[in-house]
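# Okay, here's the prediction I keep looking at, along with the sequence it came from:
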Amino acid sequence: MNRPPPQASQSGADAGEASRAEPDCKGLFTARDAEHRRRTNRWMLGAALAYLVASAALRWRESIPRPLPWICVGLALVLAVLAIRSYRIFLRGADELLRKIQTEALGLGFASGAVFSILYPLLEGLGAPEVGANATALVMMLAWGAGSWLGTRRYSAAVSV
């Protein structure tokens, strides 16, 4: 079916383009933003892997050389600090919309972690399974990731139209 080309007075939404817009990050990230984001993701992945290795080294510290757990924990700490530094560089170089998305996502993550850390001990008192100290951080990171994804979806459709 051939559609006539949109007239100069028609907007993209009038021409049916808004219904084809799919959420993506192309409209939100400049090339520099995308590179900073990839670099931050690599540092975060490295820090997460180093954390897993350090946890394993602590679990089996009796059967491995004594300095190895210390080295693994130190490496996890250094990589986590570098991930934070990389994220700050990403935020400082981002435009207002991208900062807004990340700030809202961080707010959601903090609020979720605060509510979880306050209320879950009450649930434990009612018989919920006991969770470790890392559970609050995990809730915060998952909520931050979800908030970032939702914000990107919400604003990318508006930017791409």
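Now that the structure is in, tell me what you want to look at. Numbers count the residues shown, from 1 in each chain.
# which residues in the protein form helices?
31-59, 67-93, 96-125, 135-160 (DSSP state H).
# what's the shortest one packed up against?
Taking 3 or more Cβ pairs under 8 Å, 6 or more residues apart in numbering; DSSP states H and E as the contact definition, the neighbouring helices and strands of helix 135-160 are helix 96-125. Yep, even glycine has a C-beta here, placed from its N, CA and C like the rest.
# pLDDT below threshold where in the chain?
1-27, 157-161 (pLDDT under 70).
# still on that earlier bit, and the helices of the chain as CSV, adding mean neighbour count?
Formatted as CSV, the helices of the chain follow (neighbours: other Cβ atoms under 10 Å):
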stretch, mean neighbour count
helix 31-59, 15
helix 67-93, 16
helix 96-125, 15
helix 135-160, 16
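# Return the residues in contact with the spatially most central residue of the chain.
What sits nearest the mean C-alpha location of the chain, by Cα atoms, centre = their mean, is residue 145, with 3.5 Å. The contact partners of residue 145, taken as Cβ atoms under 8 Å, 6 or more residues apart in numbering, are 105, 109.
# any idea how far it is from residue 122?
According to Cβ to Cβ, to the nearest Å, residue 145 stands 26 Å off from residue 122.
# ok, now residue 109?
21 Å.
# do the same with residue 74
36 Å.
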